[in-house]
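[1] Predicted model follows, preceded by the sequence.
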Amino acid sequence: MIRKIILNYKFNDKSYLYKTIVNFLLKNEKLFKILKSYDTIIPVPISAKRYKERGYNQSYLIAKEIAKNLKIKCNNNSLLKAKNIIEQSKLNKEERQTNIKGAYVLINKKTLQDKKILLIDDIYTTGSTVKECSKILMQAKPQKIGIFTIAKD
């Protein structure tokens, strides 16, 4: 059931499902406390091409709603996807690691220095995307980087 909801949310133009997903997540008190311990939330960015196709960044909608509920900052303008790549979902583990290299860039580094950053992605498959994003975010010298995904495939 969860898989179907997430796939509908991500691929079938059901962007409104982000509120349902976030409401479900934040009902968990333990999770709420963990997420509240971060200074800023950064969603995994998507390329301009993918945004134009889909009309929204599924990770950003979730990150923004979580940040609003927790009353912490959602930073959507420091980590950017600089190049179009083959969709990760179409590749195996080795191909994903190679495909994602150099896809992200960091701007506004000073705003992230010494911050506790929570990186949010929708689905964790091999970890290639969040590992690459974390590596790029480390350039800002944050205090800590946590990773939160909605599902694990």
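    Perfect, I can see it now.

[2] list the buried ones in the helix or strand of the chain with the lowest mean pLDDT?
    Lowest on mean pLDDT, DSSP states H and E among the helices and strands of the chain sits helix 93-100, with a mean of 79. The neighbour-count check on helix 93-100 (16 or more other CB atoms under 10 Å) flags 96-97, 99-100 as buried. Every residue, glycine included, has its C-beta placed from N, CA and C.

[3] Need the contact partners of that helix.
    With CB atoms under 8 Å, 6 or more residues apart in numbering as the test, helix 93-100 has contacts from 85-86, 88, 91, 125-126, 128-129, 132.

[4] Mark which of the residues you listed are buried, thanks.
    Neighbour counting by 16+ other CB under 10 Å classes 85, 88, 91, 125-126, 128-129, 132 among the contacts of helix 93-100 as buried.

[5] List the buried residues in the helix or strand where residue 52 lies.
    Per DSSP states H and E, residue 52 falls inside helix 48-54. Of the residues in helix 48-54, residue 50 count as buried by neighbour count, 16+ other CB under 10 Å.

[6] Ok, stretch 41-49 next?
    41-47.

[7] taking those one by one, which sit in strands?
    Among the buried residues of stretch 41-49, DSSP state E puts 41-43 in strands.
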